[in-house]
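Undergrad: Quick check, what structure comes out for this input:
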Amino acid sequence: MSDHPTGIKRWLFTTNHKDIGTMYLWFSFTMLFIGGAFAMVIRAELFEPGMQVVNPNFFNMMTTLHGLVMVFGAIMPAMVGFANWQVPLMIGAPDMALPRMNNWSFWILPFAGIMLLAPMFIGDNFAAGQGPAFGWTFYEPLSGQYDKLAFFIFAVHLLGFSSIMGSINIIATILNMRAPGMTLMKMPLFVWTWLITAFLLIAVMPVLAGAVTMMLTDKYFGTSFFNAAGGGDPVLFQHVFWFFGHPEVYIMILPAFGIVSQIIPTFARKPLFGYASMVYATAAIAFLSFIVWAHHMFTVGMPAAGELYFMYATVMIAVPTAVKVFNWTATMWKGSMTFETPMLWAIAFVFLFTIGGFTGLMLGVAPVDFQYHDTYFVVAHFHYVLVTGALFAIIGGVYYWLPKWTGNMYSVTLSKWHFWISAISVNVLFFPQHFLGLAGMPRRIPDYALQFAEFNKISSIGAFVFGASQLIFLYVIIKCIKGGEKATDRVWEGAQGLEWEVPSPAPYHTFATPPEVK
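TA: Next up, the predicted model:
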């Protein structure tokens, strides 16, 4: 093998952080379309009352796999892809600290994805829904009845290995490989959010591994951790799962905060407002995310004192999150703003993520959560956080850094069409679900009462348009990679005749220092 292998060997054996970042991003994009296809099946079935497209078990399999693929296959790998590409560039490092482990942590992922999806196709009748059909939270004792549970558990373990190795690598890189003079409080905010996220991942992934290992021994080795008949407790599973699951939500959103904190100052032509408070707010969110897990469990029958504690702790998370929203707004205030494509996604993120935050605050209030729990209100809430939050930030980040990654400029016209179609359709898709939930429509059901028909039809139309609009995104990216107008080393200057200084050659990353308007 030569020093610089080409073709398939380049990708199999690479230790280059840019190549590995690219593979993470393409894997994530592939899984986004697979998970999106599952969502299209769900919305097609819910287009009108009655059973018309799939049987109930297949529907439940779609809801389960849609959630698992989007969380573990699309959002998380995309964020790790950004970290691989940008962290070394932003801190002035030649590569990641542990490049061979970096390669390994990526190549585990496709096999984990195959393990997760393979059971769908094992068996005589695909349409019957052979895959996991117990919801993405895989609550015991329902999940323990699944006959191919070992596939699922092995996939989760592999995903956890990948995440932990990637996190160790990111921490080692940031703490040991910064350029001379770059103190922690001079790092770009994206680097800070990933440093904190990596610690979160290392803390919670073993908890998930413990939960699925207990499931494994309950199923195949005769233990009774979650089996009430053997002296176990099904609610214990929920505690262990959500102790992982709640920080996991922040693992998906904190790097998104970092991306948005890079984009907004660039197009506002101002330094980020309140840099230090942004760092402390990120750390506060990470800490608080560990002590609020049971707000997902208000209806299990915990003591009133427990509900009161988890309610107060949950409401507290709103404070550092609000600090971030305030700082983004203050950064834009009186800035020389221009509305290039990445800025449009970032502004949409700030608006729509805030809606998700407010509905989260509603769900965090224990007495009213009894009404909202397990309804479409919850579905609307977390999709505003994870689609108009994490996914919008990812797309904005791709548009922001794509000229840097490829050396070419993409089609601005098509990218703006992509933004406007996505931004409108995503609200047509998820906003009506708030009303469905408040009216009492339960989540994860394939059929529903007649009074929910209209909002479901609107929601499904929004879903089909939003899904189709991501094909524009794919086309824009492929066209940009293949060629086009060459991107300059100051790719975002020139709008409205403004220029700002970027260190040349940039020792840290594009816009490492606050832009100065001429």
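Undergrad: hey, where'd the helices end up in the stretch 401-518 of the chain?
TA: 412-438, 453-482 (DSSP state H, counting those that start in this stretch).
Undergrad: gap between the two ends of stretch 128-136?
TA: 19 Å (CA to CA, to the nearest Å).
Undergrad: try stretch 135-148
TA: OK, stretch 135-148 end separation, CA to CA: 15 Å.
Undergrad: Show residues contacting that stretch.
TA: Contacts to stretch 135-148, defined as CB atoms under 8 Å, 6 or more residues apart in numbering, come from residues 60, 63-64, 66-68, 71, 119, 122, 130-134, 149, 152, 215, 218-219, 226-228, 234, 237-238, 241, 245, 444. In short, each C-beta sits where N, CA and C put it, glycine included.
Undergrad: Thr15 in helix, strand or coil?
TA: coil (DSSP: H, G, I helix; E, B strand; the rest coil).
Undergrad: Excluding sequence neighbours, find me the nearest residue to it.
TA: Once flanking residues are discounted, Thr15 sits nearest to Pro99: 3.5 Å by CB to CB, 6 or more residues apart in numbering.
Undergrad: which residues touch that neighbour?
TA: By CB under 8 Å, 6+ apart, the neighbours of Pro99 are 15-17.
Undergrad: Burial-wise, tell me which of the helices of the stretch 401-518 of the chain comes out on top.
TA: Comparing the helices of the stretch 401-518 of the chain by mean neighbour count (mean count of other CB atoms under 10 Å), helix 412-438 comes out on top with a mean of 19.
Undergrad: sorry, back to before: can you check the pLDDT for the residue nearest to Thr15?
TA: Note on Pro99: pLDDT of 96.
Undergrad: packing partners for the helix ranked longest in the chain?
TA: The longest helix of the chain (DSSP state H) is helix 234-268. The contact analysis (3 or more CB pairs under 8 Å, 6 or more residues apart in numbering; DSSP states H and E) places helix 234-268 against helix 76-91, helix 189-220, helix 275-288, helix 304-332, helix 341-363, helix 376-385, helix 392-406.
Undergrad: Which parts of it count as buried, going by neighbours?
TA: Using 16 or more other CB atoms under 10 Å as the burial criterion, the residues of helix 234-268 that qualify are 234-235, 237-268.
Undergrad: now it against helix 376-385, angle please.
TA: Angle, helix 234-268 to helix 376-385, by axes from the mean of the first three to the mean of the last three CA atoms, to 10 degrees: 40 degrees.
Undergrad: quick check: angle from helix 234-268 to helix 275-288?
TA: 170 degrees.
Undergrad: The helix or strand encompassing Phe29 - contacts with which helices or strands?
TA: Using DSSP states H and E, Phe29 falls within helix 17-45. If you count contacts as 3+ CB pairs under 8 Å, 6+ apart, helix 17-45 packs onto helix 8-13, helix 56-68, helix 76-91, helix 99-117, helix 392-406, helix 453-482.
Undergrad: Can you lay out the ones you listed as CSV showing distance to Leu46?
TA: Converted to CSV, these look like this (distance: least, CB to CB, whole Å):
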stretch, distance to Leu46
helix 8-13, 39
helix 56-68, 9
helix 76-91, 27
helix 99-117, 22
helix 392-406, 24
helix 453-482, 5
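Undergrad: Tell me the spatial nearest neighbour of Phe190, not counting adjacent residues.
TA: Phe190's closest residue in space is Gly258 (CB to CB, 6+ apart), at 3.6 Å.
Undergrad: For Val87, see how far away the one you found is.
TA: 10 Å (CB to CB, to the nearest Å).
Undergrad: If you count contacts, what does the helix or strand bottoming out on mean pLDDT in the chain end up packed against?
TA: When the helices and strands of the chain are scored by mean pLDDT, DSSP states H and E, helix 8-13 comes last with a mean of 93. Helix 8-13 is packed against helix 17-45, with contacts defined by 3+ CB pairs under 8 Å, 6+ apart.
Undergrad: related to what we said a few turns ago, so how do I select the buried members of the contacts of stretch 135-148 in PyMOL?
TA: Applying 16+ other CB under 10 Å to the contacts of stretch 135-148, the buried members can be selected in PyMOL as follows:
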select buried, resi 60+63+64+66+67+68+71+119+130+131+132+133+134+149+152+215+218+219+226+227+234+237+238+241+245+444
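Undergrad: Among the helices of the stretch 401-518 of the chain, single out whichever gets nearest to Glu493.
TA: Nearest of the helices of the stretch 401-518 of the chain to Glu493, taken as CB to CB: helix 412-438 at 14.6 Å.
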